[in-house]
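**Student:** This is a predicted model, with the sequence first.
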Amino acid sequence: MSRVYGDSTPFPHDLDYIHLLRDGVDCAVRLLSAQHSIRAAEERAEGAERMMRTEITELNALLERVQSAAARPITEGMETAVRAATQISGGARNVIEAAVRDLESQLQVGVGHAGHIVDKARETSASAVEQFLERHTPPESRLCLQLTASPETNVGHVTLVAPYGVSAVFGIAIPPTHAWARPRRVGELLPHVEIQMPKEAGFLSKRVGMASLRLERLFISDVTFAERSGVLRLRRGAGIGAGYEMRIELETGVKLEICPVREDGSLEDQQPLVLQGDDQETMLSLWQRVVESAVDLMHERQRMVSAAFNGRSLLELESPRAVAEALINHMAPVVSEISRRSGAPGELVLRRSLGEGRREETYCTHAELLEKILVLPPDLRVVFSSLHLTGSLLSAAPPAQLPPPSPPAREFLSRPPTRVAYEVDVATDDLLAPANGGPSAGRPPSVPPPESSPPPAA
């Protein structure tokens with residue numbers, strides 16, 4: 001590895017972890033700020049409903065008192081007084097009913113405002129994750145690139161699955177000068193590609209024999225590859241026509257299968273042919289050329305088009321705090337080891353070899369990270385305690401009793417938002433599904449970070 005700890009022992013990850021740490025803490029702070037906004041909105045909505053019910057109870061009691069007074073016996077023959085009593089009783093009921101309708105209307109306005117705050121907080125959570133994962137690939141993450149050809153260009157996206165439960169799909173910005181900015185033929189990557197494929201022979205017997213098949217004139221219509229597996233579709237046109245689909249598995253040895261593709265893009269109803277010998281070597285060489293020429297596009301990701309935490313969309317998540325905790329707990333062991341090996345107390349130091357006996361040092365202080373964290377309420381700062389930063393995460397806070405846990409979110413606050421951005425839920429098992437189109441152009445509006453979640457139960 002080209003990076004080392006502060007004590008010059010090898011660092012296990014070849015990336016700028018100090019930069020990742022700073023941005024990771026910023027991401028977690030925004031998630032927890034969003035949690036605080038969700039909690040505050042829920043508490044305000046619940047409080048408004050309790051107040052409305054209290055007022056309705058008082059109004060009903062007032063109506064009963066008025067009706068009771070109006071219902072007292074009146075001397076026989078005083079018809080005017082009887083009519084007045086009836087009008088007072090009916091008028092009081094109308095006034096009370098109007099007052100109740102007014103209270104219910106006010107509650108609906110308040111509930112709608114609280115729901116809007118919750119939606120914005122969830123958008124902020126998604127935006128925080130988007131900005132972090134656009135810039136960084138956390139250690140132990142899995143990446144999958146998908147490219148789909150159209151007549152004039154290639155469109156693609158990258159799926160990133162982080163080790164702490166977050167999965168996200170990004171569009172990719174293919175530079176105009178990149179080789180994959182346009183459709184490519186097989187021959188551009190490997191001049192001569194010929195394999196043996198089954199073919200019917202004979203006019204009457206229709207026996208099946210092996211025949212040579214040249215592939216270099218076919219277009220690379222779809223590419224999907226992860227670290228140890230992938231799919232390659234070769235078709236007569238860029239995204240159209242008959243052709244062949246190759247699947248590759250490298251988890252335990254090398255396994256290559258190929259199957260014919262119909263004109264409409266569906267697979268032929270036959271058992272895939274397992275390639276061996278020279279045919280396997282030929283197609284493996286083609287696959288390696290494809291991967292080597294396209295792998296850099298994984299770092300061109302932009303615009304998150306979907307995101308989920310443990311299978312649930314971030315825009316439906318009731319607790320952004322859970323995402324922040326997962327992120328911080330994943331970073332904590334690495335941060336603790338960097339801190340232990342940095343030498344100077346209160347510093348996190350990494351160095352990178354530049355060659356010729358020179359090294360570049362990157363560092364940040366515990367105080368710098370604490371400054372980011374202290375903007376949060378005390379009950380949310382404890383999420384960062386596993387980082388073991390020098391200084392108290394509860395400092396600079398007024399001595400106050402922590403608020404009680406908020407009641408469960410009401411249905412009107414936990415409803416799925418009506419926006420279409422981030423609507424795709426990416427399952428880990430679907431990483432190798434061929435791409436059917438480009439990334440969505442939609443993007444949620446930028447929202448300033450709100451603010452936390454109920455404190456953990458004692």
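**Tutor:** Received it, and whenever you're ready, just let me know what you need.
**Student:** Please make it C-alpha for all contacts and neighbour counts, starting now.
**Tutor:** OK.
**Student:** Can you classify Ser167 by secondary structure?
**Tutor:** Assigned by DSSP: H, G, I helix; E, B strand; the rest coil, the conformation of Ser167 is strand.
**Student:** Go ahead and confirm it touches Val161.
**Tutor:** Yes. The pair Ser167 / Val161 is scored as a contact, 4.3 Å apart, by Cα atoms under 8 Å.
**Student:** Give me the below-cutoff pLDDT ranges for the stretch 101-250 of the chain.
**Tutor:** Residue ranges of the stretch 101-250 of the chain with pLDDT under 70: 200-206, 208.
**Student:** rewinding a little: compare Ser167 and Val161 and say which one has the larger neighbour count.
**Tutor:** Neighbours per residue (other Cα atoms under 10 Å) separate Ser167 from Val161, with Ser167 holding more: 28 against 25.
**Student:** Can you spell out which residues form a bridge with the more buried one?
**Tutor:** Beta bridges link Ser167 to Val161, Ala308 when assigned by DSSP bridges.
**Student:** Show which residue of this structure lies farthest from the average position.
**Tutor:** Gly77 (78.4 Å; Cα atoms, centre = their mean).
**Student:** where's that one relative to Arg83, distance?
**Tutor:** According to Cα to Cα, to the nearest Å, Gly77 stands 11 Å off from Arg83.
**Student:** so when I look at Ile258, I'm seeing a helix, right?
**Tutor:** No. Applying three-state DSSP, one finds Ile258 to be strand, outside a helix.
**Student:** For beta bridges, what are the partners of it?
**Tutor:** Met246, Leu273.
**Student:** which residues in the chain form helices?
**Tutor:** Ranges of helices within the chain are 17-70, 79-135, 186-189, 277-294, 320-341, 366-373, 378-381, 411-414, based on DSSP state H.
**Student:** Could you point out which of the ones you listed sits nearest Ala226?
**Tutor:** Each of the helices of the chain has some distance to Ala226 by Cα to Cα; the shortest is helix 277-294, at 9.5 Å.
**Student:** Show me the strands in the stretch 301-450 of the chain, by range?
**Tutor:** Secondary structure of the stretch 301-450 of the chain (DSSP state E, counting those that start in this stretch): strands located at 301-309, 312-313, 347-355, 358-365.
**Student:** how about CSV for those, with distance to Ala326, mean pLDDT and mean neighbour count added?
**Tutor:** Converted to CSV, these look like this (distance: least, Cα to Cα, whole Å; pLDDT from 0 to 100; neighbours: other Cα atoms under 10 Å):
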stretch, distance to Ala326, mean pLDDT, mean neighbour count
strand 301-309, 10, 94, 24
strand 312-313, 15, 94, 19
strand 347-355, 21, 89, 19
strand 358-365, 22, 90, 14
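**Student:** Between the ones you listed, which one is closest to Leu32.
**Tutor:** Closest to Leu32 of the strands of the stretch 301-450 of the chain, according to Cα to Cα: strand 301-309, at 15.1 Å.
**Student:** for that closest one, packing partners?
**Tutor:** If you count contacts as 3 or more Cα pairs under 8 Å, 6 or more residues apart in numbering; DSSP states H and E, strand 301-309 packs onto helix 79-135, strand 166-172.
**Student:** Which residue is the nearest non-sequential neighbour of the residue nearest the centre of the chain?
**Tutor:** By Cα atoms, centre = their mean, the mean C-alpha position of the chain lies nearest to Ala307, the distance being 2.2 Å. Nearest non-adjacent residue to Ala307, counting by Cα to Cα, 6 or more residues apart in numbering: Ala168, 4.2 Å away.
**Student:** list the contacts for that neighbour?
**Tutor:** Residues in contact with Ala168 (Cα atoms under 8 Å, 6 or more residues apart in numbering) are Thr159, Leu160, Val161, Met304, Val305, Ser306, Ala307, Ala308, Val426.
**Student:** thinking again about what came up before, in a markdown table: the helices of the chain, plus mean neighbour count and distance to Leu348.
**Tutor:** As requested, those are exported to a markdown table (neighbours: other Cα atoms under 10 Å; distance: least, Cα to Cα, whole Å):
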| stretch | mean neighbour count | distance to Leu348 |
| --- | --- | --- |
| helix 17-70 | 20 | 8 |
| helix 79-135 | 18 | 20 |
| helix 186-189 | 17 | 45 |
| helix 277-294 | 16 | 35 |
| helix 320-341 | 20 | 5 |
| helix 366-373 | 16 | 7 |
| helix 378-381 | 21 | 20 |
| helix 411-414 | 16 | 40 |
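**Student:** Can you lay out those helices as JSON lines showing distance to Arg214?
**Tutor:** Shown next, in JSON lines, are the helices of the chain (distance: least, Cα to Cα, whole Å):
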{"stretch": "helix 17-70", "distance to Arg214": "47"}
{"stretch": "helix 79-135", "distance to Arg214": "40"}
{"stretch": "helix 186-189", "distance to Arg214": "10"}
{"stretch": "helix 277-294", "distance to Arg214": "11"}
{"stretch": "helix 320-341", "distance to Arg214": "49"}
{"stretch": "helix 366-373", "distance to Arg214": "59"}
{"stretch": "helix 378-381", "distance to Arg214": "63"}
{"stretch": "helix 411-414", "distance to Arg214": "57"}
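**Student:** Out of those helices, flag the one nearest Thr177.
**Tutor:** Thr177 lies closest to helix 277-294 among the helices of the chain, at 12.8 Å (Cα to Cα).
**Student:** Give me the mean pLDDT for the closest one.
**Tutor:** Mean per-residue pLDDT for helix 277-294: 94.
**Student:** Show me what that helix is in contact with.
**Tutor:** Residues outside helix 277-294 that contact it (Cα under 8 Å, 6+ apart): Ala179, Trp180, Val186, Leu189, Leu190, Val193, Glu194, Ile195, Gln196, Phe225, Leu232, Leu256.
**Student:** Tell me who's in contact with the fifth one.
**Tutor:** Taking Cα under 8 Å, 6+ apart as the contact definition, Leu190 lies against Glu216, Ser285, Leu286, Arg289.
**Student:** Look up how far Glu49 lies from the second one.
**Tutor:** What it means is Ser285. From Ser285 to Glu49 the distance is 67 Å (Cα to Cα).
**Student:** cool, the last one as well?
**Tutor:** Arg289 sits 64 Å away from Glu49 when distances are taken as Cα to Cα.
**Student:** got it, and Gly346?
**Tutor:** 48 Å.
**Student:** And Val274, by the same measure?
**Tutor:** Counting by Cα to Cα, the gap from Val274 to Glu49 is 66 Å.
**Student:** Over to Arg340?
**Tutor:** With Cα to Cα as the criterion, Arg340 and Glu49 are 52 Å apart.
**Student:** same deal with Arg207?
**Tutor:** 79 Å.
**Student:** what's around Glu249, how many residues?
**Tutor:** Residues lying near Glu249 (other Cα under 10 Å) number 15.
**Student:** Next, count neighbours for Leu250.
**Tutor:** Using other Cα under 10 Å, Leu250 is surrounded by 12 other residues.
**Student:** which residues does it contact?
**Tutor:** Residues in contact with Leu250 (Cα under 8 Å, 6+ apart) are Arg228, Ser229.
**Student:** so what's Arg233 closest to, chain neighbours aside?
**Tutor:** Per Cα to Cα, 6+ apart, closest to Arg233 is Glu245, 4.4 Å.
**Student:** Surely the one you found touches Leu232?
**Tutor:** Yes. Using Cα under 8 Å, Glu245 is in contact with Leu232, at 5.8 Å.
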